[in-house]
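Asker: Here you go, sequence then predicted model.
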Amino acid sequence: MNLYKRSVKTLSMIFLLYASLLLVFIIGKYSDYNFLIFFFLITIITLIVLILYLRTIIKPIEKIDEQLEKVSKNNYDIKFFDRPQVYKKIMRNIENIASLLHKYETKLSKNKEGFYLIIDSIQEAIWIQDKKGVITTSNEAFQKLVGQNNVKDIYFWHAIREQNLYNFVDELFKKPKNKIKEFDLYDKHFICSASYSNLTGEIIFILHDITEIKNLEILKKDLILNVSHELRTPLTSIKGYLETLELEIDKKNKSYIEVITRNTDRLINIVKDLLSLSKLEHDSSIEIEKIEINPFLNHLKKIFQIKLKKKRLELKYILEDEIAYLEADQFKLEQVFINLLDNAINYTENGFIQISFQKQDNDTKIVIQDTGIGIPKEHLPRIFDRFYVVDKSRSRKHGSTGLGLSIVKHIVNLHEGKIDVKSEPGEGTSFTILIPNKIIKQNG
């Protein structure tokens, strides 16, 4: 039953009830037959007039309702041919809104087509899934990767069969966040980036094939390793002959030999550091053991005893009572401390160097702080880059290769830890290392 019929029925019932009650009242008071007929006729005429008037109000509303229903079903071809004056403005506004919606939908449709055209032309696999894990959008590259032509509106666990990729997606499905991860798929190397939208709850995944970049990286590392191996033997021979010459040469030419010896030592140090870094990159395994911190620190103090005494520097320790052990690879951790302490001593003229250990929630926090010359702010972002040196003249003087901090960062990463540096010129430098109390990954 439409709105007009329902309204007429309701109005008629109310009016007739009212008329009946009034009639009973009149009969009880008057008994004139002609008056009763007149009252009855007036009542009928009034009811007809009200129904006709109701029609003029309700019928246009029904038309508006019909047209709005069409708009809700994405049918924007509407037109009000007869417009009662009272509703003229409303109907014109509805027509304008429908016209605008049609334009916007057409534009949106074209944008969607453009969007799908763009993502299909991208070689990287792209897909979007909602908070229920349903894939809402994907490109051809992703469909080829999973071996299915139509993955729209299906759960990701029905589409993704490769275990490494599935584990990554499943982890983010359970706990959505932005994340980037590298892994191997189908004998290739990929980086998968995931971007989470707080607004829609969707996650956008992009899978980048970096196999060629990785292969070039391996070739580069192999080249550095091979060249370092080849250079080590002749440099050692040169150093031996220089030491022999130094004993026999006269004082006049001794300065030349000293320059050659100093630069040879620098080359030997570079080769040694390159070999250390290459070994770390080729073999990422670590041997976790319980390290007693006090004996470990005493051993370090003995290594640097002469250098500390020569520069009149004090090496201090701050160790919380509950920290007696540290789980790590002792040999690699020793490399970290040796590199950082050597730098601290080289660039500190007076004051002290301090090592502190502190327990945090899931990590052991290690801080190595000095009162040295400090590092200018603009150099801090690149401080861990290979061959990057802040002060070249000082680095040459101390025989620095620019590889020590790269080795430090690589070892910290192998322990699944983090390293950060804070420094101000003239106020010293502070390196903060976080080592997990429980290191899960023990080999690469």
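Answerer: Done, it's in. Numbers count the residues shown, from 1 in each chain.

Asker: For Asp77, list the residues it contacts.
Answerer: Lys70 (CB atoms under 8 Å, 6 or more residues apart in numbering). From N, CA and C alone the C-beta is placed, and that goes for glycine too.

Asker: I should have written Asp209 there, sorry.
Answerer: Here Asp209 is in contact with Gln123, Glu124, Lys188, His189, Phe190 (CB under 8 Å, 6+ apart).

Asker: How about the backbone phi and psi for the residue nearest in space to the middle of the chain?
Answerer: Compute the mean C-alpha point of the chain, and by CA atoms, centre = their mean the closest residue is Asn178, 3.3 Å away. Dihedral angles of Asn178 (phi, psi; degrees, to the nearest 10) stand at phi -80, psi 130.

Asker: Tell me who's in contact with it.
Answerer: Ala194, Ser195, Tyr196.

Asker: helix or strand right after the lowest-mean-pLDDT helix or strand in the chain?
Answerer: Within the chain, no helix or strand scores below helix 392-398, which has a mean of 53 by mean pLDDT, DSSP states H and E. Going down the chain from helix 392-398, the next helix or strand is helix 404-414, by DSSP states H and E.

Asker: What is the burial count for Phe331?
Answerer: 11 (other CB atoms under 10 Å).

Asker: again, but for Ile44
Answerer: Burial of Ile44 is recorded as 11 neighbouring residues (other CB under 10 Å).

Asker: pretty sure it belongs to a helix, no?
Answerer: Yes - using DSSP: H, G, I helix; E, B strand; the rest coil, the assignment for Ile44 is a helix.

Asker: follow-up on the earlier one: now, the contacts of Asn178 that are in strands?
Answerer: Ala194, Ser195, Tyr196 (DSSP state E).

Asker: What does the pLDDT read for the last one?
Answerer: In other words, Tyr196. Tyr196 carries a pLDDT value of 90.

Asker: Specify the local secondary structure of the closest residue to it other than its chain neighbours.
Answerer: The shortest distance from Tyr196 to any non-neighbouring residue, by CB to CB, 6 or more residues apart in numbering, is to Pro176 (4.6 Å). Of the three states, Pro176 takes coil under three-state DSSP.

Asker: what does Val421 give?
Answerer: Per three-state DSSP, Val421 ends up strand.

Asker: and the residue nearest to it when sequence neighbours are not counted, how many residues sit next to it?
Answerer: In space, and not counting its chain neighbours, Val421 is closest to Phe431: 5.4 Å by CB to CB, 6+ apart. The tally of other residues near Phe431 (other CB under 10 Å) stands at 23.

Asker: mind listing what Lys181 touches?
Answerer: Applying CB under 8 Å, 6+ apart, we find Lys181 in contact with Phe168, Ile191, Cys192.

Asker: Which ones among those residues map onto strands?
Answerer: Ile191, Cys192.
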